[in-house]
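# coordinates only, sequence not included:
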């Protein structure tokens, strides 16, 4: 398994798309931190970039890579290697390489120009989102036989979590504005890792007011140690559940 992971990791780190992804993140990070002097505004701008770029690019790139690696995966499965190990090795290489790209592009500028706890939280957020959407891309790959449909599904999933989910949430808030839906909103946020990551970061910047409706409630709940544990556990579940589902489907999939 380590051999497969090492091969995938080296292959991805040499990939031009990963290099361009890292370079673009680095340029944006250095530019924003230099202009704003490492202030909260710069962190908020980097947060918005992270919450948009990481899910979309990770999901799309990982899905394409998984489909392009199908022949390689089939070759490995012709050897006495378990399917689970092969799939987990490919996923680990993908998630780790994209996490390294994010840390190199955003993490290093943050640590050099704005070393503080919110910067560490932002780095953690980017790494976790890279792992989450790599797992979602893997699930899309094992559920879809056709590459074109798989890429289309990946785009829809990424746009749903980054854009459409918030729109549906706002419709729900307006539709039930006369009812106490605060606690229900916290539960619904668990179904979107992007929103969960956004709230955690904004709370670190003491910018709960920017979350709009129910900002005070999020501050009260997620700002406590119990809330932090709940949020961290939710993000971990977002990594594990798509990954375990993907492994389960792949075991029975006819290649």
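That came in fine, so what should we check first? Just so it is clear, the structure is predicted and the values come from calculations on it, not from any experiment.

# got any ranges where the stretch 101-250 of the chain has weak pLDDT?
For the stretch 101-250 of the chain, applying pLDDT under 70 flags the ranges 177, 179-183, 205-225.

# give me that answer again for 90
Confidence mapping of the stretch 101-250 of the chain against pLDDT under 90 gives the ranges 110-121, 144-147, 162-192, 194-236, 249-250.

# Strands of that one, residue ranges please.
Chain-ordered strands for the stretch 101-250 of the chain, with DSSP state E, counting those that start in this stretch as the definition, do not occur.

# Give me the neighbour count for residue 10.
Around residue 10 sit 12 other residues, with neighbours defined as other CB atoms under 10 Å. No exception for glycine: its C-beta is placed from N, CA and C like everyone else's.

# give me the element it is part of.
Counting by DSSP states H and E, the element that carries residue 10 is helix 2-13.

# helices and strands around that helix, which ones?
Packed against helix 2-13, as judged by 3 or more CB pairs under 8 Å, 6 or more residues apart in numbering; DSSP states H and E, are the following elements: helix 83-102.

# Output the contacting helices and strands for the helix it packs on.
The criterion is 3+ CB pairs under 8 Å, 6+ apart, and the helices and strands that helix 83-102 contacts are helix 2-13, helix 16-36, helix 40-68, helix 70-77, helix 117-143, helix 225-252.

# need those in a markdown table with distance to residue 83, can you?
Output for the helices and strands packed on helix 83-102, formatted as a markdown table (distance: least, CB to CB, whole Å):
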| stretch | distance to residue 83 |
| --- | --- |
| helix 2-13 | 12 |
| helix 16-36 | 26 |
| helix 40-68 | 14 |
| helix 70-77 | 6 |
| helix 117-143 | 10 |
| helix 225-252 | 6 |
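
# most packed of these?
Mean neighbour counts were taken over the helices and strands packed on helix 83-102 using mean count of other CB atoms under 10 Å, and the top value, a mean of 23, falls to helix 117-143.

# between that one and helix 70-77, how big is the angle?
Going by axes from the mean of the first three to the mean of the last three CA atoms, to 10 degrees, helix 117-143 is angled at 80 degrees with respect to helix 70-77.

# Can you report how many residues lie near residue 173?
Residue 173 is flanked by 17 other residues according to other CB under 10 Å.
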